[in-house]
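Student: return a 3D structure for these sequence lines:
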Amino acid sequence: MTVLTAGQEWTVADGDGRALTRVRMGIGWDKDPTAGAIASGRADIDLDATAIQFAEGQLFDIAFYNNLATRDGSVVHQGDNQTGSGAGDDETVHVDLDRVYAKVDTILFLVSSYQGHDLTWVNNAYCRLLDEDDVELARFTLTGGTSQTGMVMAKLVRAGDGWTLVAIGEGVAVTVPTEAIAKVRRFV
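Tutor: Numbering: from 1, shown residues only. As a prediction, this is how the structure comes out:
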């Protein structure tokens with residue numbers, strides 16, 4: 001497994017250098033135990049994973065809790081976790097890279113706080129890329145939190161016949177994924 005820091009890239013390939021075709025992006029988080037203890041009675045933190053496809057800088061499609069799959073079926077969100085509780089990935093997005101529409105060149109992975117909590121309320125946030133056998137290939141762990149309500153975690157970028165994972169980890173002010181398009185376009 002490769003551990004990434006912001007700005008680092010990883011070629012989406014197996015140990016022999018063959019391009020992978022089916023991957024899963026897992027996103028996880030825990031609520032900071034002290035977050036909201038006084039102000040809100042220790043409310044759960046509802047973060048939402050989103051995958052946004054772009055073609056030449058233009059929105060192509062989006063998969064998130066309210067639209068679980070892209071039109072071409074290449075990106076499928078596995079459902080909404082409204083608390084972040086439990087071990088392992090809290091939300092996952094499956095990507096069939098062979099089925100991604102040919103003009104799509106970037107898939108951004110975003111997490112946003114549906115209830116508007118800033119991400120300083122969150123601990124142990126990460127995104128990780130797994131192959132179709134659930135072997136973890138690359139991981140990007142977020143540190144330090146952000147006072148923003150969302151974060152662009154990573155992106156997959158088409159590179160010839162394959163794809164490259166790029167770790168980003170930059171905060172954005174967004175709560176509803178469909179309203180994020182203009183704010184995340186600069187990462188494409």
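
Student: only C-alpha atoms from now on, for both contacts and neighbour counts.
Tutor: Will do.

Student: low-confidence stretches in the chain?
Tutor: For the chain, residues meeting the criterion pLDDT under 70 lie at 31-45, 80-87, 143-145.

Student: residue nearest the centroid of it?
Tutor: If you average the C-alpha coordinates of the chain and look for the closest C-alpha using C-alpha atoms, centre = their mean, you land on F109, 3.1 Å from that point.

Student: in terms of contact, does that residue touch I52 like I think?
Tutor: Yes - in this structure, F109 is within contact of I52 by C-alpha atoms under 8 Å, at 6.6 Å.

Student: burial count for E170?
Tutor: Other residues within reach of E170 by the criterion other C-alpha atoms under 10 Å amount to 18.

Student: sorry, that was for A63
Tutor: A63 is flanked by 25 other residues according to other C-alpha under 10 Å.

Student: parallel or antiparallel, list what pairs with the one helix or strand it maps to.
Tutor: Taking DSSP states H and E as the criterion, the element that holds A63 is strand 58-63. Each strand pairing with strand 58-63, determined using DSSP bridges, is listed with its direction: strand 47-55 (antiparallel).

Student: residues contacting the strand it pairs with, please?
Tutor: Strand 47-55 has contacts (C-alpha atoms under 8 Å, 6 or more residues apart in numbering) with 27, 59-65, 75, 77, 80-84, 91-93, 103-114, 177, 188.

Student: next step: these restricted to helices.
Tutor: Taking DSSP state H as the definition of helices, these contribute nothing to them.

Student: among those, name the ones in strands.
Tutor: Cross-referencing the contacts of strand 47-55 against strands under DSSP state E gives 27, 59-63, 75, 77, 91-93, 106-113.
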